[in-house]
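Trainee: Quick check, what structure comes out for this input:
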Amino acid sequence: MTKIFISIFIALIFVLQTATYGQHKKPRVIVMTDGEVDDHSSMVRFLLYTNDIDLQAIIETNSVYQPEGHSKENWYEKMVDAYEQVYPNLIIHDSRYPTAAEIRSKSYIGDEDPNHLVVNANSKGRKPGSKVKITPDDWSDTAGSDKIVEILLDDNSSPVYIQAWGGGNTAARAFYKLKTKYPKEYDRAVSKAVMHNIWYQDGAGNYIEKYHPKVTMLLDHYFNGTWDYGSQSFTSDFIKNQVKSNHGPLGALYPQSYVSEGDSPAFLWAIDNGLRNYENPTYGGWGGRFYKVDGFENVYADVSAATYSRWIEDANRDFEARMDWCVSEKFEGANHKPIITINGKLDTVVKPGQKVILSAEGTMDPDGDKLSYRWWHYIEAGTYTKMVEIENPFGVKTSFNTPMVDKPASIHIILEVKDQGKPALKSYKRLIFNITP
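Mentor: Numbering: from 1, shown residues only. Have a look, this model is predicted:
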């Protein structure tokens, strides 16, 4: 294969990627991190997914477990410096990666005042509706809270996914300021906020759900037992060989000996990987599946550990491939996900008893790998509660018959396309069928 042909082929891949991902806006993301050791591990992974989000800000904060925060240390700066070193290789594999300079320009310090925390560190016990014990009324603004205010006040109407890897006090102050300083813009601004909380680590969550009910709150408990300390101890060889050794300076900064990333579900929920997890808390995907909590307008809690664990192998293989990108100076030197083509809309209104044709003809693999297909009914994500039979679930083209219903119902069909590269990677598309009698 000549160099000219390879260059043309890679350019075509970038065009196909743009066409695939350009069907909708990438999710806008704000990360708040308390700098705990597992945050360091999550940050290594997160930086490799900045191509799949629209990064708005990274804010260093505190939590009851890290009451002083860690912004006075340079752990985060080292991460971005290491990212800068592997960036020339990353953009060979995906041109959408932001520069290190752009990431630095979006980095801020938030609230690290230990007085702005609930003294009792029983984060696991703080549930929706727990007593409010902190209010930000007399706190000082920070660069981080003011940036959240600025982003929520902008003219962009798309959601802003705010992730509390540690405490949420910086966001609490931002919402308070919006309410008191910008009352005419307040409802519009906070309605855009979707906040993913790895526990209510500092008590801010209960304040926000009560005093800012238009903020969508996701309370994540089952990261504990799936992604946190000790949960993936079986990955020690993976981290040693595929992350920390011979995979560049960013992977070398991974501080733990196995996958120990209690905060990663927050950003895995909000990446553009085809599962559309971030569109609705009840959809389910790499970052878990959530149910609406009774008595609240916009508060959701995760359903079970299984809604995370079913995706862990896929997520780690994808991470492995991106670590390979860090050291691969040629596109053909690493594996890349299949690029799915769906012949039809992702959301379709159908009638009861209708035959629905599903086609992924035109799907291709950037590396020329053989592909396998799997269509399956994600029954928990829809409102139709019986399993739908898919005629040929392993074909590139298949069909199913919509059930007879006497009231509206929804069916979620997931297409997984897997390649035979190393590591084997999956791409996804979620198709939603709304049955209207």
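Trainee: In terms of residue numbering, what are the domains of this structure?
Mentor: Domains of the chain are assigned by automatic domain parsing as 25-325, 336-435.
Trainee: Can you add mean neighbour count and mean pLDDT and give those back as JSON lines?
Mentor: Just so you know, the C-beta spots here come from the backbone N, C-alpha and C atoms, and that holds for glycine as well. Putting the domains of the chain into JSON lines (neighbours: other Cβ atoms under 10 Å; pLDDT from 0 to 100) gives the following:
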{"stretch": "domain 25-325", "mean neighbour count": "21", "mean pLDDT": "97"}
{"stretch": "domain 336-435", "mean neighbour count": "17", "mean pLDDT": "98"}
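Trainee: Do I have it right that Asp318 meets Ala424?
Mentor: No - in terms of Cβ atoms under 8 Å, Asp318 does not count as a neighbour of Ala424; the distance is 10.2 Å.
Trainee: Now do the shared contacts for those two.
Mentor: Between them, Asp318 and Ala424 share no contacting residue under Cβ atoms under 8 Å, 6 or more residues apart in numbering.
Trainee: From what I see, Arg126 and Gly203 are in contact.
Mentor: Yes - in this structure, Arg126 sits in contact with Gly203. The criterion is Cβ under 8 Å, and the distance is 6.7 Å.
Trainee: shared neighbours of the two, anything?
Mentor: Each of Val118 lies in contact with both Arg126 and Gly203 under the rule Cβ under 8 Å, 6+ apart.
Trainee: ok, now how distant is Ala321 from Thr99?
Mentor: Summarising the geometry, the distance separating Ala321 from Thr99, computed by Cβ to Cβ, to the nearest Å, is 21 Å.
Trainee: Over to Asp318?
Mentor: In this view, Asp318 and Thr99 are 22 Å apart by Cβ to Cβ.
Trainee: What of Gly288?
Mentor: Counting by Cβ to Cβ, the gap from Gly288 to Thr99 is 31 Å.
Trainee: same deal with Asp146?
Mentor: In this view, Asp146 and Thr99 are 24 Å apart by Cβ to Cβ.
Trainee: Also Lys133?
Mentor: Computed with Cβ to Cβ, the distance linking Lys133 and Thr99 is 41 Å.
Trainee: residue ranges of the strands in the stretch 301-437 of the chain, please?
Mentor: If DSSP state E, counting those that start in this stretch is used as the criterion, the strands of the stretch 301-437 of the chain fall at 347-350, 355-359, 372-377, 397-401, 409-418, 426-435.
Trainee: could you dump the ones you listed to a markdown table with distance to Asp154?
Mentor: As requested, the strands of the stretch 301-437 of the chain are exported to a markdown table (distance: least, Cβ to Cβ, whole Å):
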| stretch | distance to Asp154 |
| --- | --- |
| strand 347-350 | 27 |
| strand 355-359 | 38 |
| strand 372-377 | 39 |
| strand 397-401 | 42 |
| strand 409-418 | 32 |
| strand 426-435 | 28 |
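Trainee: Phe267: which of those is closest?
Mentor: Closest approach to Phe267 among the strands of the stretch 301-437 of the chain is made by strand 426-435 (16.9 Å; Cβ to Cβ).
Trainee: Partner strands of the closest one and their direction?
Mentor: Strand pairing for strand 426-435, using DSSP bridges, gives strand 347-350 (parallel), strand 409-418 (antiparallel).
Trainee: how far does stretch 415-427 stretch from start to finish?
Mentor: Between the start and the finish of stretch 415-427 there is a gap of 8 Å, counting by Cα to Cα, to the nearest Å.
Trainee: For that stretch, what is the distance to the chain centroid?
Mentor: The chain centroid and the centroid of stretch 415-427 are separated by 19 Å under Cα atoms, centre = their mean, to the nearest Å.
Trainee: can you pull the contacts of Asp318?
Mentor: If you count contacts by Cβ under 8 Å, 6+ apart, Asp318 has them with Asn273, Lys337, Leu425, Lys426.
Trainee: From His377, how far off is the residue lying closest to Asp187 once chain neighbours are set aside?
Mentor: The shortest distance from Asp187 to any residue that is not its chain neighbour, by Cβ to Cβ, 6 or more residues apart in numbering, is 6.2 Å, and that residue is Lys214. Distance, Lys214 to His377, by Cβ to Cβ: 33 Å.
Trainee: again, but for Asp154
Mentor: When Cβ to Cβ is applied, the distance between Asp154 and His377 equals 39 Å.
Trainee: and if you look at Ala306?
Mentor: Using Cβ to Cβ, which is the criterion applied here, Ala306 is 17 Å from His377.
Trainee: ditto for Tyr200
Mentor: Relative to His377, Tyr200 is positioned 34 Å away (criterion: Cβ to Cβ).
Trainee: What segments of the stretch 301-437 of the chain are helices?
Mentor: Defined through DSSP state H, counting those that start in this stretch, the helices belonging to the stretch 301-437 of the chain, from first to last, are 306-309, 312-325.
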